[in-house]
Every structure is written in C-alpha cells, then in structure tokens.
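Visitor: Here is my input; please provide its structure:
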Amino acid sequence: MLQAIDLTKKYGNQVALNSLNLTVKPGEVFCLLGQNGAGKTTTINLFLGFLQATSGEARVNGIPVVPGQPETVKHLAYIPEVVMLYPNLTSLENLDFFSRIAGFDYDREALEAYLLRAGLREDAFDKRVGNHSKGMRQKVGIAIAIAKNASAVLMDEPTSGLDPGATHDFTETVKTLAGNNTSVFMATHDIFNAVNMASHIGIMRKGNLVHVLRADDISSDDVRQLYLETIR
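Guide: Below is the predicted model:
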C-alpha cells in the first residue's frame, strides 16, 4: 500500500531523507523511531504529497505521489500529533463535515457506528470537540479515517501527551484498523507502544533508515538498546 523507492529530500546541501526504501503492506503497522530531525515527519509529508521529493519516489497503492494531485490522497488519512477539528462542533458534526468533504453522505446511525468503532464513548457524540481530551479528539480523527474508507493511515506522534489509559485505547484501535486490512504508518518516540502494536519497526538516524525489525522477533528492551546505540 505504501512504498518508498530511493526516496530522497534535500534542502540545499542538507539531506533530510536519504534514499529511503521501505514497503508497508495492507494490514501492517509500521512504527518509525528516531530523534527529532531524523526524517520521520519528512517521510510522512512526502507520502501525503505535502513535499516534493528531490529524487526517488513515494507510491500509494502503486500510484506515484505527485503534490497537488488527488489520485493518491483519496487512499490516505492523516492523524497529526494535534488533531485539527472544529472546536465549536460536536464529534458527530465534525465527522459528518469531514466525511462530506471526502464525498460521503452518512446518516446519523452510520456516523455513530464509526465513532463507536474508533472507541469514542456514546456520551461524547453530541459534545463540542473543544471540550474533548486529546485522546478523545484522536478517536474522532480515527473515525474520520474509517469513514473515509482510507486504505492507509499516516500518524505523527499520535501517543504524545496521552495518559496510560488513552494510550491503551489508542493501541487497541490501531490493532483493529490493521485487522481490517488498513495499513498504518506511524512516527513515534514511544518504543514500548511501538513493540506492542507494530508488525515492523524502523529506526532512523540523520535521514537514513538504519534498521527494520519484525516486532514479533524483538523485545522493547532490545529495541531500546538498539535505538540508543543507533542514535549515539
């Protein structure tokens, strides 16, 4: 679903991403670890078409990403560190609005079903998003991704600032997305949670993907040790 082929991004003489090669298949959760400035967000922005690659190619569902073109965007949903929603609208109203932008017209029953699938409690459906916690806003964002029928969901530091309970809920929701054959590509600093939810883990350093690991084959302690060795 997601593929990078020698994907490179430079700003003058500064290399933000250096010849990245990776593949994220349907139903896989790929967690990307690395320090700030390692190239994680740059990679996400290249897949989203927010940036123009210097060389190489990003592909979504086999289609090359071209900034400003809708062919790849329709397959994607994006959940940033701070989910941007309309604070004066309710959860249902936000979901309805963004679903309509994506070309879908759902009745209330369907909208409620999407919010429930994303793990939002029913008593929050008709409350303004401006009063939601970060975890609740993320669940609305995930509901939007589900309602959009996105084949791949890109996330940038989604667990930052979440308490343990909200992090657990988020992890279970991501596993549900993957179980429905959705690809999830996530930049994160949360090593333990990455091991807990990912199928594959990548470690980046200074724009280079240094390691790609199968989460089933390694413990969080081993990943932490390898991560520390990589960034030194």
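Visitor: Would you mind measuring from residue 2 to residue 100?
Guide: Residue 2 sits 26 Å away from residue 100, going by C-beta to C-beta, to the nearest Å. Bear in mind the C-beta positions are built from the backbone N, C-alpha and C, glycine included.
Visitor: Settle it for me: which of the two has more neighbours?
Guide: More crowded of residue 2 and residue 100, by other C-beta atoms under 10 Å: residue 2, with 26 against 12.
Visitor: So that one is in contact with residue 47, correct?
Guide: Yes: the pair residue 2 / residue 47 is scored as a contact, 6.2 Å apart, by C-beta atoms under 8 Å.
Visitor: anything in contact with each of those two?
Guide: Contact criterion C-beta atoms under 8 Å, 6 or more residues apart in numbering; residues shared by residue 2 and residue 47: 58, 60, 185.
Visitor: Contact partners for the first one?
Guide: Contact partners of residue 58, counting by C-beta under 8 Å, 6+ apart, are 2, 3, 4, 5, 7, 46, 47, 64, 65.
Visitor: what's the neighbour count on the second one?
Guide: One way to gauge burial is a neighbour count; for residue 3, by other C-beta under 10 Å, it gives 19.
Visitor: Strands of the protein, residue ranges please.
Guide: Ranges of strands in the chain, per DSSP state E, are 2-11, 14-24, 29-33, 55-60, 63-64, 76-79, 152-156, 183-187, 200-205, 208-214.
Visitor: can you list these in a markdown table and add mean pLDDT and distance to residue 130?
Guide: Shown next, in a markdown table, are the strands of the chain (pLDDT from 0 to 100; distance: least, C-beta to C-beta, whole Å):
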| stretch | mean pLDDT | distance to residue 130 |
| --- | --- | --- |
| strand 2-11 | 97 | 33 |
| strand 14-24 | 96 | 34 |
| strand 29-33 | 96 | 30 |
| strand 55-60 | 96 | 33 |
| strand 63-64 | 94 | 37 |
| strand 76-79 | 90 | 18 |
| strand 152-156 | 93 | 22 |
| strand 183-187 | 95 | 26 |
| strand 200-205 | 95 | 35 |
| strand 208-214 | 94 | 38 |
